[in-house]
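Colleague: just the structure for this:
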Amino acid sequence: MNILILGGTGFLGPHIVESALAQGWTVTLFNRGKSAPGKFPTLETLLGDRDPAKGSGLSAIEKAVKDGRRWDAVIDTSAYVPRVARASATLLAPVIHQYVFISTVSVYGQEFPAFADESTPVATVEDPTTEAVTGMTYGPLKALCEQAVRDAMPMGATIVRPGLIVGPGDPTDRFTYWPVRIARGGDVLVPAFARPADSQVSFIDVRDLAEFALRLIHDGHDGTYNATGPAGELLFPEMAAGCKASVSVPVRFVEVGETFLLEQGVQPWMGLPLWSPQGGPGEAPGPSAMGTISRRRAIDAGLAFRPLAMTSADTIKWWADTHEPDADFTRGTGLPKAKEAELLSKWSAQSSSAASPA
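Modeller: Predicted coordinates for the structure are as follows:
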């Protein structure tokens, strides 16, 4: 296979490149040459900008097409607004068989619907011409990008909708926090979910996502796929236990009540990753509804998942190789060491007081 990757040097891109090369595929990159420019020195790299209105834009690809270049498929990892997605898809449609667009399950909207599948309606944005990517517009704009690709490639558009992407190289700390924190041992603060059934979590190892994208090309699958995991239900306590299974240090999980965490100003999802406190019965599902998303179509098309303990162990190793020993989390995701210790102390004092006889 001969493929062109739009991007290729960020988080997902390198794993796609490495997996493709391991399979003997020919890979061409198109990027600005600014992020990790020396990462793949032996690969052909076309320099330019995804946005045709910036710098040299897509001129390098235009020249390659005029010179007779053809690719079996394109993998687009880096379009966020429809104008940009449309430009590359329209330009490349005549010289490729398949356009794989990496989208997101966020297309289903802010109030994520439980048990969403590929037929679930996507969210819309009031002004479809906006190019301001915010928490409110990110998903709807990705949905418009999907449509732009389908319009350009009606018989060869493949849409991949991952959820939370995790593993070595993850720049967000949203999952990384847990295996790295657990690997440090001792008392680990974890949320005590008011409704345990609402603690479902969902994510995909970046390497599994990369391999799935390539399998879709190899097998010639078009259409839309929710590419997240695991294969079955995974509750937060099970996820924490899976991370614990990948380390050899003593670990004790201290379950802390949701009301206490909120009173102490701990921010759900970011302040304590993968935690989203739920309201009463009948209220709209929160981020934990992502755990119910249907991935049956993707699994039937070949999506496979490595063991959680492997993802955890490899994430811990990557962190250790790229950070100072005992480094704190600095992206605003997860609890700093001092904050966690403070919360554990307060929770212990409160629990002891509540347990004391009157």
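
Colleague: contacts for the lengthiest helix in the chain?
Modeller: The longest helix of the chain (DSSP state H) is helix 337-355. For helix 337-355, the surrounding residues in contact (Cβ atoms under 8 Å, 6 or more residues apart in numbering) are Arg181, Asp187, Leu189, Val254, Val256, Gly257, Phe260, Leu261, Gln264, Val266, Asp328, Leu335. All C-beta atoms are positioned from the backbone trio N, CA, C, and that covers glycine.

Colleague: send the alpha carbons of the strand or helix carrying the fourth one over as CSV?
Modeller: For Val254, the enclosing helix or strand under DSSP states H and E is strand 251-257. C-alpha atoms of strand 251-257 as CSV (Å, rounded to 0.1, in the frame of the first residue of the first chain):
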residue,chain,number,x,y,z
VAL,A,251,-1.0,0.7,46.3
ARG,A,252,-4.1,1.4,48.4
PHE,A,253,-7.0,3.1,46.8
VAL,A,254,-8.8,5.6,49.0
GLU,A,255,-12.4,6.2,47.8
VAL,A,256,-13.4,9.8,48.4
GLY,A,257,-17.0,10.9,48.2
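
Colleague: and that strand, what other elements does it pack with?
Modeller: With contacts taken as 3 or more Cβ pairs under 8 Å, 6 or more residues apart in numbering; DSSP states H and E, strand 251-257 sits against strand 186-192, helix 236-244, helix 337-355.

Colleague: quick check, nearest of the contacts of helix 337-355 to Pro168?
Modeller: Arg181 (16.7 Å; Cβ to Cβ).

Colleague: double-check that that closest one belongs to a helix.
Modeller: Yes - remark: Arg181 belongs to a helix, assigned using DSSP: H, G, I helix; E, B strand; the rest coil.

Colleague: tell me how far Val105 lies from Ala36.
Modeller: Remark: distance between Val105 and Ala36 (Cβ to Cβ, to the nearest Å) = 27 Å.

Colleague: tell me which of those two has more neighbours.
Modeller: Shown here are Val105 and Ala36; by other Cβ atoms under 10 Å, Val105 has more neighbours (22 against 13).

Colleague: helices of the stretch 201-350 of the chain, start to end?
Modeller: Per DSSP state H, counting those that start in this stretch, the stretch 201-350 of the chain carries helices over the ranges 206-219, 236-244, 258-263, 296-300, 308-322, 337-355.

Colleague: so for Glu111, which of those sits nearest?
Modeller: When these are compared by Cβ to Cβ, helix 258-263 sits nearest Glu111, at 19.5 Å.

Colleague: now the closest one: buried residues?
Modeller: For helix 258-263, a neighbour-count test (16 or more other Cβ atoms under 10 Å) marks Glu258, Phe260, Leu261 as buried.

Colleague: could these be laid out in JSON lines, adding pLDDT and distance to Arg215?
Modeller: Below are these laid out as JSON lines (pLDDT from 0 to 100; distance: Cβ to Cβ, whole Å):
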{"residue": "Glu258", "pLDDT": "92", "distance to Arg215": "40"}
{"residue": "Phe260", "pLDDT": "96", "distance to Arg215": "45"}
{"residue": "Leu261", "pLDDT": "96", "distance to Arg215": "40"}
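
Colleague: much appreciated, bye for now.
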